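1. Give me the fold of what follows.
(chains A and B)
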Amino acid sequence: MSVTESAIVEISLTVNGIPVERTVTPRTLLVDFLREDLGLTGTKVSCELQVCGVCTVLVNDRPVSACTFLAVDADGTRVRTVEGLAENGAPNKLQEAFISHHALQCGFCTPGFLMMATALLESGEDVEREDIVEHLEGNICRCTGYQPIIDAVEEVAASLPPCMARRNGHAATREAGGQ
Amino acid sequence: MLPSFRLARPQNLTDALAAIGEEKVPYCGGTELLLAMRAGLTRPETLVDIKRVPELSGVEVRDGAVVIGAVERHMDLAVNSIVREHLPMLARVEGAVGNARVRAQGSIGGNLCFAEPKSDVATALVAYGAEATIAGPGGQRSVPVEEFVAGPYWADKEPEELLVDIRVPVPAAGTRAVYLKYQIIERPTVGVALLHDAGAGKCRLVVGAVGEVQTLFTFSDPAEIDPAAVAEELDPTPDLSGSERYKRHVAGVFIGRAVRAMAEAA
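-> Numbers count the residues shown, from 1 in each chain, chains lettered A, B, ... in the order given. The predicted structure is shown next:
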């Protein structure tokens, strides 16, 4: 019995709701696929060690480090990047909160923080400040000192209707067949 | 940019075992393997993606043990109802591994196979007395996790073998377990797991992250534990998280806290 070994793979996914079909080599990283093949340069790259969080995107609503995620593993998934956050061409609530709280200075880490925070806001039963601190501790910002970022996310969390209840991982797990 | 490689996607355990070998390595979440490849530490010719192998996934109770498939992700295990019911300490540990992205991508099996000396998961599993099921050309074998994680970045597994699942004996009623860690960077300075089965008079203390491998100490009751004496027996590795003397001190403090926390543990 032998298993096929491929040097090139066809992938089919949606990126910010738009269907995409491409052929990639197995070594292609999701971040390079997004930035170079699709021209979506909002997602940044820095540490390439899953430590800094700037490359965070959502794959089936779960936050992943696109720098350490093979594009072939995005086959059949829904990928969301910072470019997909705006609503009707205007910043969404979270982006507005980042602006009003001065939660960014140079802006390099911002796409990662926005996507990490989005994952939390969409999944939390009741998001308290300490949940936000814990969830964002894997993202690095060298400008703001973090407090304005946490304030911004907290403001949006407080404005959410109760029972948008989807605990971290639950939503995606159910979709994957409830393993 | 990663070096180039081919990709294989076996759909069952037989095909997966046929596909792996010296230059053809199992691939799941990539949280350790892709970093090692980027750093030039390993250059496999083929990655064998085992995520589609049904025998390697799922969580169930079978023959008195919680059987956890090797490809189960940390994030899923943290909220899994079986894990939360029978192994609440492990569920909490899984919910605090690395960061949320690592938990979304990384698997429990990959964590053990890479034998990272600072693995929270290995420390917790040794406290529970868990065993690893390994499949190879000659059939399956089972080894205690403390033997499987044989050394730093060294798991007791041949290139043609696969970790299939981890079997954690369902703790007896009334068993209590705690895990405490001290962490200021990406990985813990020290992790302490303590499990006490009062009915059987069994107490397992595991100290992880300070040295090259987890260290297991057994007692009959937490009251017997002298934190300073246990800390003296450790073999800490000086690294970015501290000197040998410092790590020994922090380990002693956290062992003491674990013993005290045991009183209130669920």
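2. can you give me the helices in the stretch 1-150 of chain B?
-> B:13-19, B:33-38, B:74-79, B:81-86, B:88-94, B:100-105, B:108-114, B:120-128, B:145-148 (DSSP state H, counting those that start in this stretch).
3. Now do the contacts for B:E60.
-> B:V66, B:V67, B:I82 (CB atoms under 8 Å, 6 or more residues apart in numbering or on different chains). Every residue, glycine included, has its C-beta placed from N, CA and C.
4. can you do 7 Å?
-> B:V67, B:I82 (CB atoms under 7 Å, 6 or more residues apart in numbering or on different chains).
5. Repeat that for A:F113.
-> Counted by CB under 7 Å, 6+ apart, A:F113 has contacts A:L136, A:N139, A:C141, A:I149.
6. could those be laid out in JSON lines, adding secondary structure, neighbour count and pLDDT?
-> JSON lines is the format used below for these (DSSP: H, G, I helix; E, B strand; the rest coil; neighbours: other CB atoms under 10 Å in any protein chain shown; pLDDT from 0 to 100):
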{"residue": "A:L136", "secondary structure": "helix", "neighbour count": "22", "pLDDT": "96"}
{"residue": "A:N139", "secondary structure": "coil", "neighbour count": "24", "pLDDT": "97"}
{"residue": "A:C141", "secondary structure": "coil", "neighbour count": "22", "pLDDT": "97"}
{"residue": "A:I149", "secondary structure": "helix", "neighbour count": "28", "pLDDT": "98"}
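7. what's the closest of those residues to B:A19?
-> A:N139 (36.4 Å; CB to CB).
8. how close does the closest one sit to chain B?
-> 8 Å (CB to the nearest CB, to the nearest Å).
9. I figured that residue was touching A:M115, is that so?
-> No. Look at A:N139 against A:M115 with CB atoms under 7 Å: they stay out of range, at 9.5 Å.
10. Including distance to chain A, could the helices of the stretch 1-150 of chain B go into TSV?
-> Listed next are these as TSV, based on distance: least, CB to the nearest CB, whole Å:
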stretch	distance to chain A
helix B:13-19	4
helix B:33-38	5
helix B:74-79	4
helix B:81-86	10
helix B:88-94	10
helix B:100-105	4
helix B:108-114	12
helix B:120-128	15
helix B:145-148	22
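11. okay, these in JSON lines with distance to B:G58 and mean neighbour count next?
-> Below are the helices of the stretch 1-150 of chain B laid out as JSON lines (distance: least, CB to CB, whole Å; neighbours: other CB atoms under 10 Å in any protein chain shown):
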{"stretch": "helix B:13-19", "distance to B:G58": "13", "mean neighbour count": "19"}
{"stretch": "helix B:33-38", "distance to B:G58": "22", "mean neighbour count": "19"}
{"stretch": "helix B:74-79", "distance to B:G58": "10", "mean neighbour count": "23"}
{"stretch": "helix B:81-86", "distance to B:G58": "10", "mean neighbour count": "16"}
{"stretch": "helix B:88-94", "distance to B:G58": "15", "mean neighbour count": "23"}
{"stretch": "helix B:100-105", "distance to B:G58": "18", "mean neighbour count": "27"}
{"stretch": "helix B:108-114", "distance to B:G58": "12", "mean neighbour count": "25"}
{"stretch": "helix B:120-128", "distance to B:G58": "17", "mean neighbour count": "28"}
{"stretch": "helix B:145-148", "distance to B:G58": "19", "mean neighbour count": "21"}
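12. right, so of those, which gets closest to A:E83?
-> helix B:100-105 (19.0 Å).
13. Tell me how far the closest one lies from the chain's centre.
-> With CA atoms, centre = their mean, to the nearest Å as the basis, helix B:100-105 stands 15 Å off its chain's centre.
14. With stretch A:58-68 instead?
-> 5 Å.
15. Ends of it, what's the gap?
-> Terminal residues of stretch A:58-68 lie 13 Å apart, using CA to CA, to the nearest Å.
16. ok, now stretch B:39-50?
-> End-to-end for stretch B:39-50, by CA to CA: 23 Å.
17. ok, and what's touching that stretch?
-> With CB under 7 Å, 6+ apart, stretch B:39-50 has contacts from A:5, A:26, B:3, B:5-10, B:16, B:19-20, B:23-28, B:36-37, B:56, B:71.
18. give me every residue that touches residue 135.
-> This is for chain A. A:M116, A:L120, B:A100.
19. oops, I was thinking of chain B
-> B:L13, B:L17, B:E161, B:L162, B:V164.
20. how near is it to chain A?
-> 15 Å.
21. okay if I get the contacts of A:H135 as TSV plus pLDDT and distance to B:P144?
-> TSV is the format used below for these (pLDDT from 0 to 100; distance: CB to CB, whole Å):
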residue	pLDDT	distance to B:P144
A:M116	97	37
A:L120	95	37
B:A100	94	30
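22. and of those, the nearest to B:V61?
-> For the contacts of A:H135, the nearest to B:V61 is B:A100 (27.8 Å; CB to CB).
23. doesn't A:E137 make contact with that closest one?
-> No. Contact between B:A100 and A:E137 fails when scored by CB under 7 Å: they sit 8.8 Å apart.
24. before we move on, back to that, let me know the closest of the contacts of A:F113 to B:D226.
-> A:L136 (39.1 Å).
25. Would you enumerate the residues in contact with that closest one?
-> So A:L136 contacts A:F113, A:M116, A:A117, A:I149, A:I150 (CB under 7 Å, 6+ apart).
26. check contacts around the third one.
-> Meaning A:A117. Applying CB under 7 Å, 6+ apart, the residues near A:A117 are A:L94, A:L136, A:V153.
27. mind giving me a markdown table with these and columns for distance to B:L180?
-> Shown next, in a markdown table, are the contacts of A:A117 (distance: CB to CB, whole Å):
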| residue | distance to B:L180 |
| --- | --- |
| A:L94 | 34 |
| A:L136 | 22 |
| A:V153 | 28 |
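28. Please report how far the nearest residue to B:E186 once chain neighbours are set aside lies from B:I108.
-> Leaving aside its sequence neighbours, B:E186 sits nearest to A:V51 (CB to CB, 6 or more residues apart in numbering or on different chains; 5.5 Å). When distance is defined by CB to CB, to the nearest Å, A:V51 is 21 Å away from B:I108.
29. got a pLDDT number for the residue in chain A positioned nearest to chain B?
-> Nearest residue of chain A to chain B, counting by CB to the nearest CB: A:G138, 2.4 Å away. Here, the pLDDT recorded for A:G138 equals 93.
30. Which residue lies nearest the spatial centre of chain A?
-> A:V57 (2.6 Å; CA atoms, centre = their mean).
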